[in-house]
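Chemist: Need a 3D model of the following:
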Amino acid sequence: MTGHPLPFDPIARAAESWTQRIGPSETMAAVTSVMRVQQIVQSAVDGALKPHRLTFARYEALVLLTFSRRGSLPMRVMGERLQLHPTSVTNIVDRLESDGLVQREPHPTDRRTTLVAITDAGRDRMKVATEAVVEAGFGLQGLSGPETVQLTALLAKVRHATGDFTE
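Modeler: Coordinates of the predicted model:
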């Protein structure tokens with residue numbers, strides 16, 4: 001957050017003006033709120049990860065590898081699961097590899113595929129970074145457990161409707 005808190009909700013004020021001048025403001029207020037909360041969440045998570053020399057993208061990759069059955073995945077699968085372009089995955093893996101947190105390995109049955117495997121150092125870094133982001137509440141202060149579940153479900157409806165997943 002920058003400066004001091006405002007004595008009023010600027011999004012609610014903008015919604016009032018929008019209603020008076022343009023029309024119904026519910027969608028504008030919701031989108032503006034989501035965008036502002038995204039800034040708040042990103043700042044909190046980035047702040048929690050910075051001491052561990054991780055970005056959220058690199059942290060997500062370590063978590064994904066930790067959750068995999070073998071501790072390794074093909075780069076293509078990483079891109080699909082993280083919903084990233086192959087170039088972005090390559091950049092993330094390059095940085096993690098240079099920090100000794102992952103290593104590239106040949107696929108045992110497919111010579112065309114390279115696996116990315118998490119190292120012990122990567123598991124250790126992911127563990128302490130996870131403690132930090134959990135301690136920061138992932139930036140979602142002010143919500144109860146059930147409210148967080150409700151928020152996730154509501155956002156999933158938007159993601160589904162836009163083709164983010166087909167389930």
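Chemist: Output the longest helix belonging to this structure.
Modeler: helix 26-49 (DSSP state H).
Chemist: For that helix, enumerate the helices and strands it packs against.
Modeler: helix 10-21, helix 56-67, helix 120-135 (3 or more Cβ pairs under 8 Å, 6 or more residues apart in numbering; DSSP states H and E). (C-beta placed from N, C-alpha, C; glycine too.)
Chemist: Let's see that with 6 Å instead.
Modeler: If contacts are counted by 3 or more Cβ pairs under 6 Å, 6 or more residues apart in numbering; DSSP states H and E, helix 26-49 sits against helix 10-21, helix 120-135.
Chemist: and those, which is most packed in?
Modeler: helix 120-135 (a mean of 16; mean count of other Cβ atoms under 10 Å).
Chemist: Next, the angle helix 26-49 makes with it.
Modeler: 130 degrees (axes from the mean of the first three to the mean of the last three Cα atoms, to 10 degrees).
Chemist: Next, the contact list for the residue nearest the centre of the chain, please.
Modeler: The centre of the chain sits closest to residue 56, judged by Cα atoms, centre = their mean, with a distance of 6.0 Å. Residues near residue 56 by Cβ atoms under 6 Å, 6 or more residues apart in numbering: residue 45.
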